[in-house]
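1. take this sequence and fold it.
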Amino acid sequence: MVLSLDISEVNHSLFRWINDLGKEFPFLNPAFVFIAEYMVVLLALTVLVYWFTRDKDNRMMILCASIAFICAFAIGKISGVFHSNYQPFYELNDVNTLVHKEKDNSFPSDHTMLFFTYCFTFWLFKRGWSMLWVWLAVLVGISRIWVGVHYPLDVFTGIWISLASATFIYVIVPKRSVTQSIIQLYEKYESKFLFKRTMKNKSKNV
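-> Sure thing, here's the model as predicted:
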């Protein structure tokens, strides 16, 4: 009981510290709103670019990241059954609320799980400069606290679930023959589709 109270106090105190930065440095608020809400567009475009390079390693990476996110999302929903809390701007007073959200369970952070499963998987496959993706995911997690829609505990839990899911999938999935078969099957139909489109375009030009 005492431990749970201590965790709650730390959670609220850390939230206040990060969220109040938006009051001290209001000129940074538009940037954090953009990161919190719209950086997901950059992630989606990156996933598409990696996939349509038609490189087998890139496609394996995207497939693993997608499976990892599904696993993380499922674990997150199960976790939400055992612990739940509303967004900070519904539970606390004087929150620097920069993004409108409907009242629901914010534990754990879905946004954080989305970014960390994909970005950490990018690093597992490519290493090196791909660590920048992990730092971007960290920035997204902080931004969700900054704009007032998540507690630090929501974000930290999302990170740990994502890291565990991404690591497990990275170790298990690429080695499975069924995974290679799925990609080969997709590429087979993709090639047929592209061949048909090319032939149609040629016939029209003739």
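
2. can you pull out the helices in the protein?
-> Secondary structure of the chain (DSSP state H): helices at 2-24, 29-52, 56-82, 88-91, 110-126, 131-146, 152-172, 177-205.

3. those: lowest mean pLDDT?
-> Mean pLDDT is lowest for helix 177-205 among those, at a mean of 66.

4. show me which residues of stretch 25-38 are buried.
-> By neighbour count, with 16 or more other Cβ atoms under 10 Å as the criterion, the buried positions of stretch 25-38 are 29, 32, 33, 35, 36, 37. For every residue, glycine as well, the C-beta is placed using N, CA and C.

5. off-centre distance for that stretch?
-> The offset between the C-alpha centroid of stretch 25-38 and the centroid of the whole chain comes to 18 Å, using Cα atoms, centre = their mean, to the nearest Å.

6. and what of stretch 118-127?
-> In this view, stretch 118-127 has its centroid 12 Å away from the chain centroid, taken as Cα atoms, centre = their mean.

7. now do stretch 135-146
-> A distance of 10 Å separates the C-alpha centroid of stretch 135-146 from that of its chain, computed with Cα atoms, centre = their mean.

8. list the buried ones in that stretch?
-> So stretch 135-146, judged by 16+ other Cβ under 10 Å, has buried residues 136, 137, 138, 139, 140, 141, 142, 143, 144, 145, 146.

9. could those go into TSV alongside distance to residue 116?
-> Rendered in TSV, the data for those read as follows (distance: Cβ to Cβ, whole Å):
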residue	distance to residue 116
136	10
137	5
138	9
139	11
140	8
141	8
142	12
143	13
144	12
145	15
146	17
